[in-house]
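**Q** What would the 3D arrangement of this be:
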Amino acid sequence: MILALGITLNTKTELGVSPLISMPFSVSEITGLNFAALAFIMYTLFTIIEIWLEGDRRNKIDWLQIPYSLLFSLLLQLYGTAYDALGINMNGFIPRFIMLLFAVALTGIGVSMSVSMKLLPNPADGLAREVGIKLKRSLGLGKNTIDITSVAITCAIGLISVHHIVGVGIGTVVAMIGVGRAIALFNHFALKPMLKAAGMVEGTRS
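**A** Next up, the predicted model:
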């Protein structure tokens with residue numbers, strides 16, 4: 001819920017969306033199709049690619065990422081509708097940038113909480129993990145690879161369709177850099193008590 005809220009607020013800043021949802025966002029803006037539905041399709045494709053990359057290591061539980069994606073997409077729709085209904089007017093760069101920082105913080109917290117519980121990864125995080133394994137490097141490199149690829153595809157979609165980039169801006173760059181730092185900061189201060197509250201063995205800090 002926190003992760004979905006962070007992503008939703010990121011899109012509402014109009015400063016550029018986070019890399020991982022830039023593709024469905026740009027297609028939604030260009031075609032008028034429902035953003036949440038497109039996000040669900042993208043996350044489902046991420047899950048299928050992840051399971052394909054896993055090969056003999058695949059686990060049946062990984063398929064649960066598809067209903068997870070459906071629930072996550074519904075949350076994006078709910079938050080987006082609620083935000084629009086409130087009629088919030090964020091005029092000016094400074095208020096929107098402040099909201100962007102808040103959105104990045106929420107996204108980092110949401111990622112940390114979901115990954116730390118070790119139940120079911122977000123499809124994007126699961127795919128990033130598998131890309132890192134295939135490259136024989138870390139999850140971080142896998143995430144960077146997915147981020148850069150997503151932004152490149154988003155730019156191509158915009159340039160080919162409407163001859164200008166849609167959905168990518170300063171907010172995209174801030175999200176690429178800031179989410180990782182938000183995760184590290186949250187883990188530094190809250191990982192131990194969070195794992196203790198969940199009855200889990202203490203994990204390793206990010």
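**Q** going forward, measure contacts between C-alpha atoms and count neighbours the same way
**A** Fine.
**Q** From the chain's centroid, how far away is the helix or strand containing G132?
**A** Using DSSP states H and E, G132 maps to helix 123-134. Put simply, helix 123-134 sits 13 Å off its chain's centre (CA atoms, centre = their mean, to the nearest Å).
**Q** What is it packed up against?
**A** In terms of contacts (3 or more CA pairs under 8 Å, 6 or more residues apart in numbering; DSSP states H and E), helix 123-134 is packed against helix 35-54, helix 139-161.
**Q** Mind listing residues that contact the last one?
**A** This means helix 139-161. Contact with helix 139-161 is made by 19-20, 22-23, 26-27, 30, 125, 127-133, 135, 164-168, 176, as judged by CA atoms under 8 Å, 6 or more residues apart in numbering.
**Q** Now do it and helix 123-134, the angle between them.
**A** Taking axes from the mean of the first three to the mean of the last three CA atoms, to 10 degrees, one finds helix 139-161 and helix 123-134 inclined to each other by 120 degrees.
**Q** how about the helices of the protein, start to end?
**A** 2-12, 22-31, 35-54, 65-86, 93-116, 123-134, 139-161, 170-197 (DSSP state H).
**Q** Just the mean pLDDT for the first one, thanks.
**A** Spelled out, it's helix 2-12. In this model, helix 2-12 has a mean pLDDT of 93.
**Q** Please tell me how far that helix is from the chain's geometric centre.
**A** Centre to centre, stretch against its chain (CA atoms, centre = their mean), the figure for helix 2-12 is 9 Å.
**Q** Restricting to C-alpha, output it in PDB.
**A** C-alpha atoms of helix 2-12 as PDB (Å, rounded to 0.1, in the frame of the first residue of the first chain):
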ATOM      1  CA  ILE A   2       2.800   2.400   0.800                       C
ATOM      2  CA  LEU A   3       4.700   1.500  -2.400                       C
ATOM      3  CA  ALA A   4       1.600   2.100  -4.500                       C
ATOM      4  CA  LEU A   5       1.000   5.400  -2.800                       C
ATOM      5  CA  GLY A   6       4.600   6.500  -3.500                       C
ATOM      6  CA  ILE A   7       4.300   5.600  -7.100                       C
ATOM      7  CA  THR A   8       1.000   7.300  -7.500                       C
ATOM      8  CA  LEU A   9       2.200  10.600  -6.000                       C
ATOM      9  CA  ASN A  10       5.300  10.400  -8.200                       C
ATOM     10  CA  THR A  11       3.000  10.400 -11.300                       C
ATOM     11  CA  LYS A  12       1.000  13.300  -9.900                       C
END
